[in-house]
Structure formats: structure tokens, C-alpha cells
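> next comes the sequence, and after it the predicted model I'd like to discuss.
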Amino acid sequence: MDGAAQRQEGQARFAIANAFYRSSSQIGRDLAVLAAALYRQQHGRLRVIDAMTGCGVRSLRYHLEAKADWVWANEGNPELQPVLSDNLRQGMAPETYRITHQDANQLFFSCAQQQDYYDLIDIDSFGSPTPFVSTALWAIKFGGLLYLTSTDGRTTGGHAVDKSIQIYGACARSHPAVHEQGLRLLIGCAAQRAAERGMHIEPVFSIFNGTIHRAMVRVLPGPQLVHYGFLAYCHGCGQFRSADWRQLGQLTCESCGKAPAVSGPMWLGPLHDKDYVRQMAALASQWPPQVQRLLTVMADEATMPPYYYPLADVGRQGQTDIPPRDRLIETLSQRGYRATRTHLDPQAIKTDASLAVCIDVARSLVRSGA
């Protein structure tokens with residue numbers, strides 16, 4: 001394996017061979033490394049389970065960049081043992097890692113039986129991570145970080161309702177903010193499974209990179225299932241609203257009175273821990289500028305409502321030209337509303353203004369030529 005072509009990501013050098021590796025997912029690994037490094041600074045330790053490690057790039061980066069004290073690199077496919085072993089041997093001392101080839105659920109249960117709990121568990125799965133969420137909670141420390149992946153945008157985007165119920169216990173309907181819906185279903189699944197075990201979660205950050213949803217949550221003691229409800233979208237006028245289960249029988253669109261399409265239950269609270277994301281940004285001061293720009297946007301959108309408005313939808317619903325994004329945000333802010341960009345869609349805004357207000361502002365901008 002020493003003669004295999006080497007790649008570089010962050011401080012890690014590694015070969016891929018026959019392992020799966022997606023370079024476009026690096027931003028999710030970048031953010032995970034920053035979050036882990038900050039955790040290591042705050043707690044003085046970092047023990048990691050990389051449950052589906054592939055070629056080992058995540059394990060290497062957690063050790064080299066986040067200063068993880070110990071990494072358990074698990075890969076279910078034993079055929080990847082040569083490349084994984086070679087990669088980790090070149091970048092890590094023997095006493096800092098372990099390689100196994102187990103089913104991830106078996107690994108988590110064995111940790112629980114031995115009372116061997118971890119600070120960070122990274123589950124980079126194909127499809128949905130739901131088969132592993134409950135068992136991962138057996139192996140994580142209180143206050144620890146759980147990093148989840150969903151690659152099934154078709155299901156979370158409302159194109160397979162029966163499957164969304166089967167996998168997430170939630171009805172996922174189609175609407176203009178489905179990229180955010182994917183994150184909220186993922187976080188909501190973690191929240192519900194944690195509540196089953198007498199725990200609760202708080203999002204650290206969540207990201208959609210164009211194809212993949214990833215969410216890192218903090219696991220804490222105490223059964224709280226807050227910010228867990230339903231998102232309604234009116235296909236008539238384009239307005240969103242949120243609701244809890246008590247309101248389901250009488251839900252109507254607050255703008256036009258029609259019956260909306262309802263998705264959920266899902267997480268309706270913050271997508272990110274604003275303070276933690278800002279500390280990650282400070283830690284990334286020497287990183288590529290695109291990482292810092294992303295973290296700035298994430299901090300801005302952290303506590304905004306659980307949906308966004310694509311500019312094309314504002315124009316279509318208002319039968320007007322598409323408004324300039326930054327001018328729309330600026331004018332909404334001048335009128336006393338909260339409004340910001342979103343990393344979920346560069347041609348969209350998040351705001352607590354109604355769609356009708358957005359349309360009114362857009363029309364005024366178009367008339368004035370702004």
C-alpha cells in the first residue's frame with residue numbers, strides 16, 4: 001500500500017484504494033474537526049469512535065487536527081483493512097488508535113457493556129443513520145457529541161412519504177424548504193431517540209452541502225422533548241407556519257385560510273449553537289476563508305424560523321422580478337424584521353417576516369430599481 005497514490009485533506013495524507021471517498025464532503029469533515037478541537041480545548045480530552053471510517057481520513061484528522069487522544073476506527077468491510085491500516089500507521093502512533101471491522105451497533109453495545117464511553121461518535125452512514133442512533137446513545141458520554149449523516153434527500157424531500165414514516169416516524173412533504181427539512185428530520189430523530197433513554201439533545205451545528213445532510217448534536221441527561229413539532233406549508237399562497245400536535249386538528253394557513261400540507265414531527269428549534277459556532281469560527285482564523293464565511297452565515301441563521309423562502313418563490317408568488325437577496329434582507333431589517341442569508345440555499349433568505357411582507361418589499365425594490 002505504500003506505493004498507492006496519496007491524497008491530502010487538512011493535515012491528513014492518505015490513500016483511497018478501493019474505499020469510498022467523497023471530496024465534496026470535506027466541508028462536513030472540516031466542521032467536525034473544528035467542533036472536536038473546541039471540545040478538546042474545553043474538556044481537556046477527546047476520545048472518538050469513527051464508526052464507519054472507510055479509508056480513515058476522519059480518524060486521521062480527528063487525531064492530527066483536533067488532537068484526539070484516542071480514536072476507535074471501525075469499518076464494517078474487512079476488505080478495507082490494508083488501506084486503513086496503512087493510512088493510520090503513517091499518521092498516528094500505535095497507542096492512539098484501534099482498528100476493528102464490526103457492525104456499528106455491536107461496537108456501541110460492547111462499549112456500553114464495558115462502560116467505555118466516548119466524547120465524540122461519528123456515524124457517516126449511507127441512507128439514513130436511524131438504525132444506529134439509539135445504540136450510539138449507549139456509548140456516548142453526557143455532554144458528548146454525536147455526528148449523524150443522511151444521504152437520502154429523496155425521502156426527506158417529500159418524494160417518498162411512506163418511507164419517511166418508516167425511517168423517521170415522520171411525514172415528510174414536499175415544499176420549497178426541503179433542504180432544511182432534511183436537517184430537522186435528522187435532528188428530530190436524535191431528539192426523540194434520546195428522550196426514549198431519559199436524555200435530550202442540543203444541536204451543535206448542522207449542514208447541507210448540496211447533497212448530504214449532517215448534524216452534530218450534544219447529548220445531555222434528562223428527558224426533554226422540546227422544539228419538536230410540525231411544519232405546515234400552504235401550496236396556495238406559499239406561507240409557512242409551525243405547530244405542535246395539539247393544533248393539528250384545526251390547522252389552516254394564517255394568510256389565506258386554506259388547509260396546508262403538514263410535515264413532521266421534526267426538530268423546530270435552533271439549527272446551530274450560535275456561541276459554539278462563533279468559537280469554531282475563531283478557531284478557524286487560519287483556515288480557508290470559505291470555512292469562515294460558512295460559519296458566519298450559520299451563526300446568523302442559528303435561531304431563525306424553521307424554514308426559508310427561495311427568492312424565486314418570492315418572485316413567483318408576487319408575480320414580480322426576483323429581488324436582490326442582500327437588498328431584500330437589508331430592507332426587511334430596516335422594517336424591524338429579522339432576516340439573514342442561509343447556507344441551505346444561496347438564493348434564499350430566512351426571516352420572521354411573512355411571505356406577504358417579503359413580496360411587498362420585493363415589489364418596492366423592483367419598482368425603485370434597487
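Cool, got the structure. Numbers count the residues shown, from 1 in each chain.
> contacts, neighbours, all on C-alpha from now
Noted.
> could you give the number of residues near G236?
One way to gauge burial is a neighbour count; for G236, by other CA atoms under 10 Å, it gives 14.
> now do the contacts for the residue lying closest to it once chain neighbours are set aside.
With sequence-adjacent residues excluded and distances taken as CA to CA, 6 or more residues apart in numbering, G236 is closest to K258, at 7.3 Å. The contact partners of K258, by CA atoms under 8 Å, 6 or more residues apart in numbering, come to C234, G236, T252.
> these two touch, right, the first one and C253?
In this case it means C234. Yes. With the criterion set as CA atoms under 8 Å, C234 and C253 qualify as a contacting pair; they are 6.2 Å apart.
> need the residues touching each of those two.
Shared contacts of C234 and C253, counting by CA under 8 Å, 6+ apart, come down to F240, A259, P260.
> any chance of JSON lines for the contacts of K258, columns pLDDT and distance to R193?
Rendered in JSON lines, the data for the contacts of K258 read as follows (pLDDT from 0 to 100; distance: CA to CA, whole Å):
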{"residue": "C234", "pLDDT": "95", "distance to R193": "30"}
{"residue": "G236", "pLDDT": "92", "distance to R193": "35"}
{"residue": "T252", "pLDDT": "91", "distance to R193": "30"}
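> returning to that earlier point: for the residue nearest to G236, which three-state class applies?
When the structure is split into helix, strand and coil by DSSP: H, G, I helix; E, B strand; the rest coil, K258 lands in coil.
> need the pLDDT of it.
pLDDT for K258: 91.
> please apply the same query to L183.
L183 is assigned a predicted lDDT (pLDDT) of 98.
> Three-state assignment for it, please.
Taking three-state DSSP as the rule, one finds L183 in the helix state.
> number of residues surrounding it?
Applying the criterion other CA under 10 Å, we find 27 residues in the vicinity of L183.
> kindly report the same for Q290.
10.
> any idea how far it is from D69?
28 Å (CA to CA, to the nearest Å).
> got it, and D122?
Distance of D122 to D69, computed by CA to CA: 15 Å.
> which one's more surrounded, the two?
Neighbour totals were compared for D122 and D69, and D122 leads with 21 against 17 (other CA under 10 Å).
> so which helix or strand takes in that one?
Here D122 sits within strand 118-123, counting by DSSP states H and E.
> following that strand, which helix or strand shows up next?
Next along the chain after strand 118-123, taking DSSP H and E as the criterion, comes helix 130-136.
> show me what that following helix is packed up against.
For helix 130-136, the elements it packs on are helix 104-113, helix 178-196, judged by 3 or more CA pairs under 8 Å, 6 or more residues apart in numbering; DSSP states H and E.
> highest mean neighbour count out of those helices?
Relative to the other members of the helices and strands packed on helix 130-136, helix 178-196 carries the highest mean neighbour count by mean count of other CA atoms under 10 Å, namely a mean of 24.
> not counting it itself, show me its contacts.
By CA under 8 Å, 6+ apart, the list of residues contacting helix 178-196 from outside reads 130, 133-134, 137, 148-150, 153, 156-158, 168, 170, 172, 200-201, 203, 206-208, 213-215, 217, 219, 222-225, 228, 264-268, 271, 306-308, 344.
> okay, that helix in CSV with CA atoms only?
Taking C-alpha atoms only, helix 178-196 is exported to CSV below (Å, rounded to 0.1, in the frame of the first residue of the first chain):
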residue,chain,number,x,y,z
VAL,A,178,-37.0,20.7,2.0
HIS,A,179,-33.2,21.1,2.3
GLU,A,180,-33.8,22.4,5.8
GLN,A,181,-36.5,19.8,6.4
GLY,A,182,-33.8,17.1,5.9
LEU,A,183,-31.7,18.5,8.8
ARG,A,184,-34.7,18.9,11.0
LEU,A,185,-35.9,15.4,10.5
LEU,A,186,-32.4,14.2,11.3
ILE,A,187,-32.1,16.2,14.5
GLY,A,188,-35.7,15.3,15.4
CYS,A,189,-34.9,11.7,15.2
ALA,A,190,-31.9,12.1,17.6
ALA,A,191,-34.1,14.2,19.9
GLN,A,192,-36.9,11.5,20.0
ARG,A,193,-34.5,8.6,20.5
ALA,A,194,-32.6,10.5,23.3
ALA,A,195,-35.9,11.1,25.1
GLU,A,196,-36.7,7.4,25.0
